[in-house]
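**Student:** Make a model of this:
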Amino acid sequence: MGLKKIRSYRIFGIALFDLTLAIVGTVVIVLIAKRIWFPRLKVLNFVIAGVLLAIPLGIFVHILFGRDTTLNYKLGLSNAPKDT
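**Tutor:** Modelled structure (predicted):
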């Protein structure tokens, strides 16, 4: 199964694979930061923060690199992506 096939499963025009990977990646980064800088605080707070930061961070990174995405298009931040 290739990457195009994996990314073809969508919800509201957003690839589920991309969304899942963004959330998991952000949660991992936030949990590493918690372990290093905030060891006494609750893990759940950092997991929630990671999930809430995933989408805005993804929007920012796609704008920074000039990638047109469905979400950025719907928000009026880019042109329509070519693969839709």
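
**Student:** now the helices for the protein?
**Tutor:** Here the chain has its helices, by DSSP state H, at 3-6, 16-37, 43-64, 70-74.

**Student:** contact partners of the first one?
**Tutor:** In other words, helix 3-6. Contacting residues not belonging to helix 3-6 are listed as residue 17 [CB atoms under 8 Å, 6 or more residues apart in numbering]. The C-beta positions use only the backbone N, C-alpha and C, and glycine is treated the same way.

**Student:** what's the offset of it from the middle of its chain?
**Tutor:** The chain centroid and the centroid of helix 3-6 are separated by 17 Å, computed with CA atoms, centre = their mean, to the nearest Å.

**Student:** Deepest-packed of the helices of the chain, please.
**Tutor:** Most buried of these, by mean neighbour count (mean count of other CB atoms under 10 Å): helix 70-74, with a mean of 17.

**Student:** That one packs against which elements?
**Tutor:** helix 43-64 (3 or more CB pairs under 8 Å, 6 or more residues apart in numbering; DSSP states H and E).

**Student:** what packs against the helix it packs on?
**Tutor:** Applying 3+ CB pairs under 8 Å, 6+ apart, one finds that helix 43-64 contacts helix 16-37, helix 70-74.

**Student:** pLDDT of the first one, averaged?
**Tutor:** Just to be clear, that refers to helix 16-37. For helix 16-37, mean pLDDT is 89.

**Student:** Enumerate every residue touching residue 14.
**Tutor:** 69-71.
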